[in-house]
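*Asks:* Take this sequence and fold it.
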Amino acid sequence: MQNWLESLVLTFVPLLIVIDALGNLPFVVSLSEGMSPHERGKMINTATITATIVGLIFLFFGQFVLNVMDISVGAFAIAGGLILLILSIRYVLTGHIVEMIKEEMVAVVPIGTPLTVGPATITTLLLLATQFPLYVVLISFILNMLVVWTSLKLSNRIVGFLGKGGLKAVSKVFSLLLAAIAVSMIFRGLDLLGLIHITS
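*Replies:* Numbers count the residues shown, from 1 in each chain. The predicted structure is shown next:
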């Protein structure tokens, strides 16, 4: 039971950090400005469903793609770690992980993807699936999607409570944690390839 809970925490936390639901709230609030409660609720539901579908596709079929392309877990861990590190540095320097592009279907793009489930989340899902049982990663991902849905529903209250400066500060801390996770992934990849040896 303890091992299961430990695995759940070890998969839930990295996903919570890379999804960064709080960091996306100011953008979501600005996009939903002027919408009726019904329109805003529909946008939130569509964004959450889109993000969930994208994440599940990569979670279940990502390993198959790796096998077909003959990519080792170690090589993917290094590549994924480098991507996450670049994204975290980009966030520190620019204030966002991806370019925010306004399109007609803002619930799908960019809120659902790539803001909620983008390159960082997809990479993390694939790497976690190689380290933990698939059902544990699945549960953690679904729980994170519930966190996203809840935070979007309460976005106006959260922004009002923390303020945009407070949200930005929380996101900056998350970006530092993301960088630490990225470095850890790189070292894990090097270890899997036998280039270095890491003792637990």
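*Asks:* make it CA atoms for all contacts and neighbour counts henceforth
*Replies:* Noted.
*Asks:* looking only at pLDDT, what's the mean for the longest helix seen in the chain?
*Replies:* Looking across the chain with DSSP state H, the single longest helix is helix 155-192. Mean pLDDT, computed over helix 155-192, is 77.
*Asks:* List the buried residues for that helix?
*Replies:* Using 16 or more other C-alpha atoms under 10 Å as the test for burial, helix 155-192 gives 155, 158-159, 166-168, 171-172, 174-179, 181-183, 185-192.
*Asks:* just checking, Ile186 touches Leu82?
*Replies:* Yes - between Ile186 and Leu82 a contact is recorded at 6.9 Å, counting by C-alpha atoms under 8 Å.
*Asks:* Surely Phe58 is in contact with Ile122?
*Replies:* Yes - applying C-alpha under 8 Å as the test, Phe58 and Ile122 come out as touching, 6.6 Å apart.
*Asks:* So these two - more neighbours on which side?
*Replies:* Ile122 (23 against 17; other C-alpha atoms under 10 Å).
*Asks:* hmm, which helix or strand of the chain has the shakiest average pLDDT?
*Replies:* Confidence across the helices and strands of the chain bottoms out at helix 21-31, with a mean of 73, counting by mean pLDDT, DSSP states H and E.
*Asks:* Okay, strands next: where are they in this protein?
*Replies:* Counting by DSSP state E, no segments of the chain form strands.
*Asks:* those helices in it, which residues are they?
*Replies:* Under DSSP H, the chain gives helices at 2-19, 21-31, 37-68, 73-94, 119-131, 134-153, 155-192.
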